[in-house]
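Undergrad: What follows is a predicted protein model with its sequence.
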Amino acid sequence: MEWNDDYGRILRELCLGQPLAVLATSSATAPYASLVAVAVTPDLRRLYFATPRATRKAANLAGNRQVALLLDNRSNRRTDFTRAAAATILGSAEELHGAGLAAGLTFYLERHPHLADFTASPATALFMVTVTRISLVTRFQQVMDYDVS
């Protein structure tokens, strides 16, 4: 997919520039949102995040792999109403093992080397999200949808 227009550039800046995202998961009874450190591949087709296995988000993912992640560039100033952009990434998450874990961890730690000790713990899982759709919202009203699958 080409990301050469203005919206594509904004989307790439968000996905490749923002280190944190809000992850939305769901249990049988309720949705849940949490902050995670992310690493997105340059083609915007995969996203990685790490979490301890003994968390609500990991438990939710065991029952429902569908996720949404929100990346944004807000500054919590009035100018956000005209300048802020947000990307909602939809996809399916899976815990990585074996060679996939090694490759994913290498990529993830290039983005977040300060999380090496955290990810080295046997209690920590690395998840890969296969991205299917991204919605970019700019100026609180302009929406661009991208089918990434």
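TA: Done, it's in. Residues are numbered from 1 along each chain as shown.
Undergrad: going forward, measure contacts and count neighbours with C-alpha atoms only.
TA: Will do.
Undergrad: Not counting its own residues, what contacts the longest helix seen in the chain?
TA: Criterion DSSP state H: the longest helix present in the chain is helix 98-111. Residues from elsewhere that reach helix 98-111 (CA atoms under 8 Å, 6 or more residues apart in numbering): 19, 38-39, 48-49, 96, 115-116, 119, 126, 128.
Undergrad: what's the following helix or strand after it?
TA: Once the chain leaves helix 98-111, the next helix or strand it forms, by DSSP states H and E, is helix 116-120.
Undergrad: Report the distance from that next one to the chain centre.
TA: The chain centre lies 19 Å from the centre of helix 116-120; the measure is CA atoms, centre = their mean, to the nearest Å.
Undergrad: Need the CA coordinates for that helix. PDB is fine.
TA: Taking C-alpha atoms only, helix 116-120 is exported to PDB below (Å, rounded to 0.1, in the frame of the first residue of the first chain):
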ATOM      1  CA  ALA A 116      15.100  -5.400  27.500                       C
ATOM      2  CA  ASP A 117      14.900  -6.600  31.200                       C
ATOM      3  CA  PHE A 118      11.100  -6.500  31.100                       C
ATOM      4  CA  THR A 119      10.900  -8.600  28.000                       C
ATOM      5  CA  ALA A 120      13.600 -11.000  29.200                       C
END
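Undergrad: could you pull out the helices for the chain?
TA: In the chain, the helices defined using DSSP H lie at 6-17, 56-63, 80-83, 98-111, 116-120.
Undergrad: which one of these lies closest to Tyr146?
TA: helix 6-17 (9.4 Å; CA to CA).
Undergrad: Need the contact partners of that closest one.
TA: When contacts are defined by CA under 8 Å, 6+ apart, helix 6-17 is touched by residues 2-3, 39-42, 44, 71-73, 85-87, 136, 144.
Undergrad: So what touches the helix or strand bottoming out on mean pLDDT in the chain?
TA: Within the chain, no helix or strand scores below helix 80-83, which has a mean of 74 by mean pLDDT, DSSP states H and E. With CA under 8 Å, 6+ apart as the test, helix 80-83 has contacts from 74, 138-140.
Undergrad: Same check on stretch 114-122?
TA: 50, 105, 109, 124-126.
Undergrad: In the chain, where's the longest strand?
TA: Ordering each strand of the chain by length in residues (DSSP state E) puts strand 124-138 first.
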